[in-house]
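> Next input, structure requested:
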Amino acid sequence: MPHADIQTLLREQQGVLSPQEARELAEHLSLCRECAGRAKALRRLREDLSVGREPLPLGELIRQAQRLFPRKRRVSGLGRLWAFFRLRLGGVAEALLALFRVSMGRAALTPVSPETKGKALFRVSMGRPALLGACAVVVVGFGLLLLWARPGPRILVRLSDTSGTIALTDHNALVWPRQTGLPAWCAARAAELLSGRAVAPAPGFAGVLDQLQPASAVLSGPGEQQVKPVLLSPACTVVRSAPPWFRWRGVTGATNYQFLLSRASDTSLMADIPAGVVTNFSWPAARRDLRPGETYAWQIEASVRSGTKISVPARFYVLNASELSELDGTEKLCRRSAVMMLALHESWGLWDEAVRDLEAVRGLNPGSDAVSRIGKELAHRRGGGEGVPSDTGGL
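Below you'll find the model as predicted:
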């Protein structure tokens, strides 16, 4: 029910409303403080006007009440906004002018009277040319304009993304359509990715990635890689679950490849399985040797006429249940952004998945120098720097 008008309230007090109207008005007065206060004031007005005289007719009561409660003039939103700024800006300008003229020693300030309250802040008792005051206002305004128009951060890298546009400023700040609930460290990893730096490991995961770089690996030159197997995947990487799919680059004239596997913490062999002449191997699903949360090392031994050629060892880590759950939860928050997924997978050491993310980013930014730098860094990280070349196909 809208607010009750004066006529309705006075008719109710004189008892001329219908029972239905009286019930509705009583319910409204019990909920509306403004109308209840107005009804109380009207009742007091009727009592004051009836002292020592006959009760006034309803029309006269309405006229007296309208003087007590004048109708408010409707003001539009723009009108209220203009009145707000006009009052405050006018007062500030007059105050600045008055202070300037006082500082020049040619005027004195007198507080405003209660009648002029809200129209001015000070009254200047004696004047100086208004030009000086105007100059003060112009100087202050120009200073504020310089502060407002000061140049913002400069964009260093800008990439098209599946979620829109993602950019990096010279303040190392990331500008992108932020996802609700995404951890702050994910945005920090994306900033590292766009800047061309190595993406830091996920929180608490640095020790795992350090174990994937085998200190015992023997570096091999390009000539040596042509006469012995080269491990492709998994190589110095993290895998989601066992068993992974093993791939390597073979050698000419090999009659058999022998698959060798051991734990990184133990040099004794867990498996010594012939793979034939193919250059891939699938770990038998019936074997439960690969356990989550463990780091493993594997090698390929090729049999050729001149003897055997053994590859440089490569390591991989199998995520445990809690790590896999955390990764899945973060991926759900990053799934809309190919760049964020790339940074996330790099921080977790999932190089094979990061390569697929990079291809998606490259498709959105053909010919981008920034994407090329990201690809080179990923190829270096994926190769591990230990003679295990990356199979990135032109990263």
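> if I read this right, Ser195 contacts Asp170, doesn't it?
No. In terms of CB atoms under 8 Å, Ser195 does not count as a neighbour of Asp170; the distance is 10.4 Å. (C-beta placed from N, C-alpha, C; glycine too.)
> Need the residues that contact the longest strand seen in the chain.
Criterion DSSP state E: the longest strand present in the chain is strand 295-304. Residues outside strand 295-304 that contact it (CB atoms under 8 Å, 6 or more residues apart in numbering) are 208, 211-212, 214, 228-229, 231, 246, 248, 250-251, 253-265, 270, 275, 290, 308-318.
> related to what we said a few turns ago, identify the contacts common to Ser195 and Asp170.
Leu156.
> Looking at those two, which one has more neighbours?
Ser195 (16 against 9; other CB atoms under 10 Å).
> Which pLDDT does the model give the more buried one?
On pLDDT, Ser195 comes in at 88.
> Same question for Ala191.
90.
> Next, count neighbours for the residue lying closest to it once chain neighbours are set aside.
Among residues not flanking Ala191 along the chain, Leu174 sits closest, at 4.9 Å (CB to CB, 6 or more residues apart in numbering). Here the number of neighbours of Leu174 (other CB under 10 Å) works out to 21.
> repeat for Arg291
For Arg291, the count of nearby residues is 11 (other CB under 10 Å).
> and if you look at Glu326?
Neighbours around Glu326, by other CB under 10 Å: 16.
> do Thr169 as well
Look at Thr169: counted by other CB under 10 Å, it has 16 neighbours.
> And the closest residue to it other than its chain neighbours, how far from His171?
Among residues not flanking Thr169 along the chain, Pro153 sits closest, at 3.8 Å (CB to CB, 6+ apart). Using CB to CB, to the nearest Å, Pro153 is found at 5 Å from His171.
> Of these two, which one has the most company?
Between Pro153 and His171, Pro153 has the larger neighbour count (other CB under 10 Å), namely 13 against 9.
> any weak-confidence spans in the stretch 251-395 of the chain?
285-286, 383-395 (pLDDT under 70).
> what residues are up against the spatially closest residue to Arg178 that is not a sequence neighbour?
Excluding the flanking residues, the one nearest Arg178 by CB to CB, 6+ apart is Ala187, at 7.7 Å. Contacts for Ala187 (CB under 8 Å, 6+ apart) come out as Leu174, Trp176, Arg178.
> Between those, which sits nearest Gly204?
Closest to Gly204 out of those is Leu174 (22.1 Å), distances taken as CB to CB.
> just to revisit the earlier point, give me phi/psi at the residue nearest to Ala191?
phi -100, psi 130 (degrees, to the nearest 10).
> Next up, the contacts around Leu174.
Contact criterion CB under 8 Å, 6+ apart gives Ile166, Ala167, Leu168, Ala187, Ala190, Ala191, Leu194 as the residues in contact with Leu174.
> try 6 Å this time
Contact partners of Leu174, counting by CB atoms under 6 Å, 6 or more residues apart in numbering, are Ala187, Ala190, Ala191.
> And for Gly293?
Counted by CB under 6 Å, 6+ apart, Gly293 has contacts Asn320.
> Then Arg373?
Gly196.
> now do Pro274
Asn256, Gln258.
> before we move on, the earlier item: where's the residue nearest to Thr169 relative to Trp176, distance?
Taking CB to CB, one finds Pro153 at 14 Å from Trp176.
> The nearest residue to Arg335 once chain neighbours are set aside is in what secondary structure piece?
Nearest residue to Arg335, sequence neighbours excluded (CB to CB, 6+ apart): Met341, at 6.9 Å. Per DSSP states H and E, Met341 falls inside helix 338-347.
> what comes up buried for the helix or strand following that helix?
Downstream of helix 338-347, the first helix or strand assigned by DSSP H and E is helix 351-364. Buried residues in helix 351-364, counted by 16 or more other CB atoms under 10 Å: Trp351, Asp352, Glu353, Ala354, Val355, Asp357, Leu358, Glu359, Val361, Arg362.
> can those go into a markdown table with extra columns for distance to Leu324?
Output for the buried residues of helix 351-364, formatted as a markdown table (distance: CB to CB, whole Å):
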| residue | distance to Leu324 |
| --- | --- |
| Trp351 | 17 |
| Asp352 | 16 |
| Glu353 | 13 |
| Ala354 | 17 |
| Val355 | 20 |
| Asp357 | 18 |
| Leu358 | 22 |
| Glu359 | 24 |
| Val361 | 24 |
| Arg362 | 28 |
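> rewinding a little: in the longest strand of the chain, what's buried?
Thr295, Tyr296, Ala297, Trp298, Gln299, Ile300, Glu301, Ala302, Ser303.
> how does the protein divide into domains?
The record's domain split for the chain, according to automatic domain parsing, is 6-68, 77-148, 166-211+320-395, 215-318.
> how many neighbours does Leu212 have?
22.
> give me every residue that touches it.
Counting by CB under 6 Å, 6+ apart, Leu212 touches Cys236, Arg315.
> any idea how far Cys32 is from Leu319?
Counting by CB to CB, the gap from Cys32 to Leu319 is 63 Å.
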